[in-house]
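# got a sequence here, can you build the structure:
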Amino acid sequence: MKIVTTPMCEEIVRLAGVTDYTVNKFPKKEDGDLAILLSESKVEMNALPIKINTPTQVFESIMEVSKVTGNEISDDEIEASFEGYTLAKKYLNSNFKRDVNVKVYSEFLKDIITDVGFNIVSDNFDYVIYPDYLKDKVTETENLVEIPSHNSISKNPFEKIEQRYAILENLI
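Residues are numbered from 1 along each chain as shown. Have a look, this model is predicted:
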């Protein structure tokens, strides 16, 4: 099976034990048999869409890619990938509930916000959390929290989690 992945998913493919793959930002049918890419992406070929915004999503994506590609790896092997990433490890399989109400300006941030344990509300919020690419769309003027999006952050999912979650933990 010829696998093609996007740059944002390459680390997941590598951690899943796949060694023979190509990287293409915009995979095409002629590039391979299976594209592994972010769930928001669309391609005209067989694809395995994955999510990598939260530690649990990263874990599940590594597991899913390893199964689909015939390189199935154990939970322990995947958990070893989290070593050295304090926040990613802390929020893996966590169930935090915090008394922080936030308004969120993006679908991809909702998973992260829920994972940190914040409450997503429309009114009476403590903070407004938005991705950098929606900065011009935010109408509120106080207690704004900007989160780096895919284009302005590391492609490494663990480093991405560490950076985003550190911003949110400063609100606790």
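
# which residues touch the most centrally placed residue in the chain?
Nearest to the geometric centre of the chain sits residue 53, at 1.8 Å (C-alpha atoms, centre = their mean). Residue 53 sits next to 108, 109, 111, 112, 161 when contact means C-beta atoms under 8 Å, 6 or more residues apart in numbering. Quick note: C-beta positions are derived from backbone N, CA and C, even for glycine.

# SS state for the fourth one?
Remark: residue 112 carries the secondary structure label helix [criterion: DSSP: H, G, I helix; E, B strand; the rest coil].

# separation between it and residue 104?
The gap separating residue 112 from residue 104 is 9 Å, by C-beta to C-beta, to the nearest Å.

# so what sits against both of the two?
With C-beta under 8 Å, 6+ apart, residue 112 and residue 104 have no common neighbours.

# count residues in the vicinity of residue 152, would you?
By the criterion of other C-beta atoms under 10 Å, residue 152 has 11 neighbours.

# would you confirm that it contacts residue 132?
Yes. Using C-beta atoms under 8 Å, residue 152 is in contact with residue 132, at 5.7 Å.

# can you pull the contacts of residue 9?
By C-beta under 8 Å, 6+ apart, the contact set of residue 9 is 36, 37, 38, 50, 52, 61.

# out of the residues you listed, which is nearest to residue 91?
For the contacts of residue 9, the minimum distance to residue 91 (C-beta to C-beta) is 13.3 Å, reached by residue 52.

# if you drop the residues flanking it in sequence, what lies closest to that closest one?
Computed as C-beta to C-beta, 6 or more residues apart in numbering, the closest residue to residue 52 that is not its neighbour in sequence is residue 157, at 4.4 Å.

# can you get me the start-to-end distance on stretch 29-36?
End-to-end span of stretch 29-36 (C-alpha to C-alpha, to the nearest Å): 12 Å.

# contact partners of that stretch?
With contacts defined as C-beta under 8 Å, 6+ apart, stretch 29-36 is touched by 1-6, 9, 12-13, 21-22, 24, 27, 43-48, 50, 65, 68-69.
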